[in-house]
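Chemist: sequence and predicted structure are below.
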Amino acid sequence: MNQKEFDKAILFVLRYAIEHDGVASYNPCMYHLGYADNIPPSEEFNNELKKYGSLEYSRNLDEYSYLNHISSWSCFRIDERGRRYMKELEPSELGKMIKSVLTLCLSILQLPFVIEGWISYFLHYTLKIISAIFFPIVLISFIWWPIDLLCGLCWMGCDWLKHIIWDKDFRWEASSKRWTEHFPEL
């Protein structure tokens, strides 16, 4: 893990703790970062977290003799040092305003893609009904399929950028899931 990824992971845990009443549970927080019970974070990572709060170990390792070498914590509790550090990282009022305007512009840009998606949804639904009578009519849907794909990619790109602007650890897969949740299944 390079330094940038390391810092980003620390910030993710700190944000997660602030958003969840001061506590970041190992699961799902650390699982999101690629760690597991048998793949704990490095001691360097744990020591960096201890600068901003405390790590709690709830597992009695004596009961699990096969896990004696594993030292994964069960939760991280952020303290005042961590909250103060996160406040220092907050953007200025001007920075927040710029981020808000960019987010608003991207949201407005997403609107036509959603409208096109719903139009396409109803056209596909209509074709599904008609195809029960005459199946070859389904081939018409391949005409606007590239447009659907392009609109979906553009919407997902805008959604992903909005989260990146606010320095959130957001993955492309989550954006694609959010796009598909707009529409019910045919």
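Modeler: All right, it came through fine.

Chemist: buried residues, the one helix or strand Tyr125 maps to. List them.
Modeler: Using DSSP states H and E, Tyr125 sits in helix 93-131. By neighbour count on 16 or more other CB atoms under 10 Å, the buried set for helix 93-131 is Thr103, Leu106, Gln110, Phe113, Glu116, Gly117, Ser120, His124. (Glycine included, C-beta is placed from N, CA and C.)

Chemist: ok, these vs Pro41, which is closest?
Modeler: Proximity of the buried residues of helix 93-131 to Pro41 was ranked by CB to CB; the top entry is Thr103 with 31.5 Å.

Chemist: which residue is the nearest non-sequential neighbour of the closest one?
Modeler: Nearest residue to Thr103 in three dimensions, chain neighbours excluded: Lys162, at 5.1 Å (CB to CB, 6 or more residues apart in numbering).

Chemist: how many neighbours does that neighbour have?
Modeler: Neighbour count of Lys162, defined by other CB atoms under 10 Å: 20.

Chemist: could you list the low-pLDDT ranges of the chain?
Modeler: Along the chain, segments meeting pLDDT under 70 span 1, 59-71, 186.

Chemist: can we see that at 50?
Modeler: Applying pLDDT under 50 to the chain flags residues 65, 68-69.

Chemist: residue boundaries of the strands in it?
Modeler: Per DSSP state E, the chain carries strands over the ranges 23-25, 53-56, 75-78.

Chemist: deepest of those, which one?
Modeler: strand 75-78 (a mean of 21; mean count of other CB atoms under 10 Å).

Chemist: so in that sheet, which strands flank that one, and in what orientation?
Modeler: Strand pairing for strand 75-78, determined by DSSP bridges: strand 23-25 (antiparallel), strand 53-56 (antiparallel).
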